[in-house]
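Asks: Next come a sequence and a model predicted from it.
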Amino acid sequence: MKVLESSLAYRSSLYAARWSMAATRCSLVGRFFIALVRVLARVFGDSRVFGNRHEGTRPLERTGHPVSVLIISRPYLWLRGALKRGPVGRAVRSAGPAMAESRFHGWGWLVVAGGGIFALGLGRLALLLARGVTTIDDTGLVASAAGLRLITPILLIVVGVVVASAAPRLGAATRGSVVIRSVWAVGGFRGAARGGMPAAASWRSALVGPLGVGVLLACAAGVMAGLTYGSGPITVAAVAAVVIVLLVLFWRPEAMLLVVAAFPWLDWAARRTLGGLGPAWDDALLILAVVVLLWSVVVVGSWRLWTVPIALPTLLALAAAVGSVVVRDVPGDVAAFALRVLFQPLLFYFLGFLFPKNKRWVKWTVVAFLMVSVALALHGLFQYVTHAPMPARWVDVSETGIGTRAYSVIGNPNGLGAFLLLGALVSLAMALARGLRRAQRVAMAVIFVILAGGVAVTFSRGAWLGLGAGVVALLLMAYRRYIAPLVAVGVVGWFVAPATFTNRLTFAFSPAYITKSMAAGRLYTWKLALGHIAEHPWFGVGLGTFGGTSAITFGYGRLWVDNFYLQLGAEGGLLLLVLFLWILLRAAKGLVRGHGRTHDPYLRALTAGTFGAFIAVAVANATASVWETLVVGVGFWFLTGLATSAALHEEASETVGAEAAPPPVSTPDSGPLPVRSGHPNGNGKGTL
């Protein structure tokens, strides 16, 4: 920072800014506009549409809500009370402390894993001895060194014994490893991970209870997998993994936040390993998330349901979308597809907002989200360095300096750039926050550099413009002292940046690009979209029938609008567009309200960074419909809901995760309280 402050560009920019402010305050015109801004600020601040004074959420109560909310809240509260007092609720609440006090809660899972590996080795060894080791497989070919086949099961047995017997030392070594300490530094956690294994003298007592049951089940699964032919072991291991994940989710519903945070890589893995079931895996995830949420808020009673800021505009937008497909007689399959593209990602806002959480779980979720983003950015940088193949249409024939555009597992450079914007703005906000630990701020600064590099090598002009708009929004919201240095960095950066990047940006304003775009490019499709809006202003030409994922999939055309707002207005009409903009406004107001309500440095940085990311992705959608990219829509809405809820529900979340803790109680008059996208491969189209 001292180097920057002593530079000529910084001092010149600072002097110019001070001179402009002084001249503005002294001139009659300047004083008029300053007074106008002050008056408009009060007017908009008191407005229910644009102000955030009336923004907030309340827990669902029996009274004090509109009738539309009471229709949901009263049955929910009755069912919640009945199940909590019933045998199921009592059993679940008593099992929680027992599990927390058991050895399995610490590093006992290493003993369970060791037992499963040991049993797998024994089962495989028994299978080989029973079948004989003279043949390679069922074809009857004789092996040249048949005895070598015994090495694998013997190694599994040895590894299983070592892992199970050395669990306490492995746990201590893991807690002290560089990887774990780095993760704790990124999350800003204090202290060390808790939980451990008993001493050697208490092994017999340790194997009694949940840990012993876990070891027996792992051994049974291991033996079954070892005695199974072909791909049987993989199937058994997959089933065991699913069972373990389900047990963890129902024991700790907050863990679902980590699953959604890792969505991009889970989506990539599921679509490549589940065959025909891959495209529907996110539907299963949503259903599972809803079930786990109801389990936690109705049966366990560890968390409460709250009113959601975007619920009303979302329902109205859904009604307008249905009206569009009905009025324009859109075929059923096309209508269902288009509705899922638009509204299913919005459900992840509700998941991030409603799922039980406390500050610790929020930190872990943010860490997981950032680690996923870093992995995508590093993969994209690797693609750029190695010149990974890409379609020729992603760049103009005159842009010979671009060897490739990074796209990672998302499969689209605009989608990758938009997703990396989310983590980049959050990490930047935390790197600038003065209330966080120095190690955490340094780690966040490193993450921001990596993610910004990933955004750069996508060569997505929309993502670049979004990054600039997001940084400005972030600084205006929380870090105004850095605005002058930002201007200096921008001026200097423009002259020191490689010509490949600056030429890519300036080419969009060149006569050659404008001519091509008017003939068969963005400007041409934007003109078509405006024409459709003028001809069909209320319900559009029919949702999913012009210029988007649904239209291309069902053969309505081959041109992408590459502007989400114009596309939505042309397909669904101005009514749907206005309602969607209302959803965005309510979501943004929730972030602003949360930032002003909380005094926790971490949550203030999180809400400020998420607000910057919100603006960045919203701007990026003006040049490409990246909300139709699966992982972008999920990440955008989930992160927004998570940050808003964490700030607005800060007081209520303090007891979440504490075993046997009573649910928080709030009063209605306490003031403002705190999809699958439908694309077959999860990729939105459109390149910039």
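Replies: Received it, and whenever you're ready, just let me know what you need. Numbers count the residues shown, from 1 in each chain.
Asks: least trustworthy helix or strand in this protein by mean pLDDT?
Replies: helix 203-206 (a mean of 49; mean pLDDT, DSSP states H and E).
Asks: Sort out which residues of the strand or helix carrying Val491 are buried, please.
Replies: Secondary structure from DSSP states H and E places Val491 in helix 483-496. Neighbour-count burial for helix 483-496, with 16 or more other C-beta atoms under 10 Å as criterion, is recorded at 484-489, 492. The C-beta positions use only the backbone N, C-alpha and C, and glycine is treated the same way.
Asks: and that helix, average pLDDT?
Replies: Averaged over helix 483-496, pLDDT sits at 83.
Asks: Show me what that helix is packed up against.
Replies: helix 2-5, helix 8-26, helix 461-478 (3 or more C-beta pairs under 8 Å, 6 or more residues apart in numbering; DSSP states H and E).
Asks: So Thr219 is in contact with Ile117, correct?
Replies: I think there's a mix-up here, since residue 219 is Cys and not Thr. No. Using C-beta atoms under 8 Å, Cys219 is not in contact with Ile117; the gap is 9.8 Å.
Asks: where does the stretch 101-250 of the chain dip in pLDDT?
Replies: Within the stretch 101-250 of the chain, the segments meeting pLDDT under 70 span 101-108, 131-149, 167-181, 187, 190-211, 229-234, 236-237.
Asks: thinking again about what came up before, I'd like the next helix or strand past the least confident helix or strand of the chain.
Replies: Following helix 203-206 toward the C-terminus (DSSP H and E): helix 210-226.
Asks: how about the helices in the stretch 401-550 of the chain?
Replies: When assigned using DSSP state H, counting those that start in this stretch, the helices of the stretch 401-550 of the chain occupy the ranges 413-432, 438-457, 461-478, 483-496, 499-507, 511-520, 522-535, 549-553.
Asks: could I have the second one exported to CSV, CA atoms only?
Replies: Taking Å, rounded to 0.1, in the frame of the first residue of the first chain, the C-alpha atoms of helix 438-457 are listed here in CSV:
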residue,chain,number,x,y,z
ARG,A,438,-4.2,-11.1,9.4
ALA,A,439,-3.7,-14.8,8.3
GLN,A,440,-7.2,-15.0,7.1
ARG,A,441,-6.9,-11.7,5.2
VAL,A,442,-3.7,-12.8,3.5
ALA,A,443,-5.3,-16.1,2.5
MET,A,444,-8.3,-14.3,1.1
ALA,A,445,-6.1,-12.0,-0.9
VAL,A,446,-4.3,-15.0,-2.4
ILE,A,447,-7.6,-16.5,-3.3
PHE,A,448,-8.8,-13.3,-4.9
VAL,A,449,-5.7,-13.2,-7.1
ILE,A,450,-6.3,-16.8,-8.2
LEU,A,451,-10.0,-16.2,-8.9
ALA,A,452,-9.3,-12.9,-10.7
GLY,A,453,-6.8,-14.7,-12.9
GLY,A,454,-9.4,-17.3,-13.7
VAL,A,455,-11.9,-14.6,-14.7
ALA,A,456,-9.2,-13.0,-16.9
VAL,A,457,-8.4,-16.1,-18.9
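Asks: how far off helix 413-432 does that helix point, in degrees?
Replies: Counting by axes from the mean of the first three to the mean of the last three C-alpha atoms, to 10 degrees, helix 438-457 lies at 160 degrees to helix 413-432.
Asks: I am finished for the moment; much appreciated.
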